[in-house]
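A.B. asks: Sequence and predicted structure, then a few things I'm wondering about:
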Amino acid sequence: MNLAELQSIYHQPFFDLIQQARNVYLEHWKGDEVQLCTLLSIKTGGCSEDCGYCAQSARYSTGVKAGKLMSTEEVVAKAKAARDNGSTRFCMGAAWKGVRDGDPRFEQVLETVREVAKLGLEVCVTLGQLTPVEARKLKEAGVTAYNHNIDTSPEFYPEIVTTHTFQDRLNTIAAVQESGMAVCCGGIIGMGESVDDRLKMLEVLTNFDPPPESVPINCLMAMPGTPLEHQPPVDIFELVRLIATTRIALPKSKVRLSAGRTRLSKEGQALCFFAGANSIFYGDKLLTAKNPGVDEDRDLLQELNLIPQHPHTEMACLR
Ligand code: SF4
């Protein structure tokens, strides 16, 4: 889709937009299942990069301490707990620029992936930049999906990050696609970008071949000490419009309502689900940011008659 097409979807009357998105959702997805994903930071803080939204950058005084890479045993214990709580996807994130074949830390991550994959969970990792060599090894170890967000539009990206480029992101995504791992790729809103920047980000995503398997839509959690700490919260209707537009533009992708849910009311989240979100991050913590509690999420899904995706079954995209 091009920008003009996305603009005409996004700017239609609000109820027309969410109704269209709902229709697209029902046409492509069976039932009202929501995938529950757990995200674990396996290596926190001390990152060399300068992403302006991130509390884990070593360049900002955010109070986040740099930790060591978690052992395979520790991670497996967390993955088991996530599975027992109903998560069907376990995502492991490491705060560093990227991974390199031959680095002992990469070898350790591969070992952890092999063990987590035995638990019957979808395994997702977000490890920064990689080349086709590392991508192939991760795929062989059992990774289902690789998360690598483009964050925003190509034009706005240099305002947010200077230590790597938008093209670097695309190169990593191309390596992931080549390996056969699914691509999980989305962005963050509320960083000072325009609505057109958000739609240009979607334009890039809709032109991926194949389209991303899942698209996390994050609202900025303005972290104290980061350059974006004073950004105001995202307006709920802007978030719902973007989710609805994503659902229409990428009908077969899981649209993941990600960071920033603590700031949303139950009603706001319900609107996001109606507009086509069909996955959430689940668990009390999202890397270094707060996330709603597990019980709160279960209650909300129940109130909305939404069903957590049954463990060990693939969510049914009808096409
Ligand atoms: S977003 Fe990732 S790459 Fe950027 S500073 Fe944070 S941990 Fe590092």
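C.D. replies: Structure's in. What do you need?
A.B. asks: What segments of the stretch 101-250 of the chain are strands?
C.D. replies: If DSSP state E, counting those that start in this stretch is used as the criterion, the strands of the stretch 101-250 of the chain fall at 122-126, 145-147, 182-184, 187-189, 214-219.
A.B. asks: I'd like those strands as CSV, with mean pLDDT appended.
C.D. replies: Shown next, in CSV, are the strands of the stretch 101-250 of the chain (pLDDT from 0 to 100):
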stretch, mean pLDDT
strand 122-126, 94
strand 145-147, 96
strand 182-184, 96
strand 187-189, 96
strand 214-219, 95
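A.B. asks: Neighbouring strands - and their directions - for the longest strand anywhere in the chain?
C.D. replies: Ranked by residue count under DSSP state E, the longest strand found in the chain is strand 33-43. Using DSSP bridges, strand 33-43 pairs in its sheet with strand 89-94 (parallel), strand 279-281 (parallel), strand 307-308 (parallel).
A.B. asks: what about that strand and the ligand, any contact?
C.D. replies: No - Strand 33-43 does not reach the ligand (CB under 6 Å from any ligand atom); its nearest approach is 9.0 Å. Placement of C-beta: from N, CA and C, glycine included.
A.B. asks: Next, the buried residues of the following helix or strand past that strand.
C.D. replies: Following strand 33-43 in sequence order, the next helix or strand is helix 72-84 (DSSP states H and E). Buried residues in helix 72-84, counted by 16 or more other CB atoms under 10 Å: 72, 75, 76, 78, 79, 82, 83.
A.B. asks: residues contacting the fourth one?
C.D. replies: Translated: residue 78. Residues near residue 78 by CB atoms under 8 Å, 6 or more residues apart in numbering: 38, 40.
A.B. asks: While we're on it, how confident is the model there?
C.D. replies: Note for residue 78: predicted pLDDT of 93.
A.B. asks: Could you check how far it is from the ligand?
C.D. replies: As judged by CB to the nearest ligand atom, to the nearest Å, residue 78 and the ligand stand 19 Å apart.
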